[in-house]
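**Q** Predicted model and sequence below, questions to follow.
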Amino acid sequence: MIEPPWRRGFAGLRVVADVHGEAEAFAHAVEGARAAGLFVLQLGDLTDYGPDSPGVLRRMFALMDERRGLFLLGNHDHKLRRALLGVPVRVAADGLGATLEQLARAPDGAALRARAVEEIARAPAWLRDGDRFFVHAAFHDAMLLRPPPPDAGARKPEGIVTRALFGQVTGRLRPDGYPERVHGWVDRIPAGLTVYCGHDRRSADGRPYEQVGALGGRAVFLDLGAGKGGHLAWVDLPAA
């Protein structure tokens, strides 16, 4: 597995959920983490829906250059890279379409597009740090047996990478046209392990949603709808 970069020199880490173009909220999360000496681990889905996806990318890349943060591979990140390379993808006007328009207007748009193609290609699909596990969408116990493919962001998702990016789905569509998701994967989390994920907005009270599975493992769903009418969430964890 990839060695967690927050093991040395940081008081802990700030785990930030899906940002979806909310640059101002992300800036608050980043500056608070800096003041507290925390590494920033963003769980994927940096862009789409919100008002300033270029600003989010700009700040994320600056964190990476300073070795103070990284992002996991999310389904929206993967789709953005394909679109930037000219691969035909479904473009929702308020989602990827908005991001592409914002990048086209940004004075540094060309540089951000090139950097996004590069960084998304090598973004890790999951990370483990002792009894803590981080993934964008959903866990599978096979993830404990092998590291993510180093080029997961540069190729078609297959196998457990699909689970990491899209979660567990039934194959049916909801009335809004999006895949129907289920959460049986939580029952596969071993006792003592906590999975932190985004992707799926499950909270009904504006706070991260927690679920304990059949084996005693725990999932913490951090997506609270940033860019989609909700707000950005994060959780601070001590150094292991």
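**A** Noted; the coordinates are in hand.

**Q** Could I get the contacting residues of Ala92?
**A** Contacts for Ala92 (Cβ atoms under 8 Å, 6 or more residues apart in numbering) come out as Asp48. The C-beta positions use only the backbone N, C-alpha and C, and glycine is treated the same way.

**Q** what about it, is that helix, strand or coil?
**A** coil (DSSP: H, G, I helix; E, B strand; the rest coil).

**Q** how near is it to Tyr178?
**A** Distance, Ala92 to Tyr178, by Cβ to Cβ, to the nearest Å: 11 Å.

**Q** Also Phe166?
**A** The gap separating Phe166 from Tyr178 is 11 Å, by Cβ to Cβ.

**Q** and these two? which has more neighbours close in?
**A** When Phe166 and Tyr178 are compared for neighbours, Phe166 comes out ahead with 18 against 9, by other Cβ atoms under 10 Å.

**Q** pretty sure the more buried one is touching Glu158, no?
**A** No - at 11.6 Å, Phe166 does not count as touching Glu158 under the criterion of Cβ atoms under 8 Å.

**Q** any chance you could map the helices in the protein?
**A** Here the chain has its helices, by DSSP state H, at 23-36, 53-65, 75-84, 96-105, 109-122, 160-166.

**Q** Out of these, the one nearest Asp205 is which?
**A** helix 23-36 (18.8 Å; Cβ to Cβ).

**Q** contacting residues for Pro5?
**A** Per Cβ under 8 Å, 6+ apart, neighbours of Pro5: 39, 67, 70.

**Q** Leaving out chain neighbours, which residue sits closest to the residue nearest the centre of the chain?
**A** Geometric centre of the chain, nearest residue: Gly44, 1.6 Å, by Cα atoms, centre = their mean. Leaving aside its chain neighbours, Gly44 sits nearest to Gly74 (2.4 Å; criterion: Cβ to Cβ, 6 or more residues apart in numbering).
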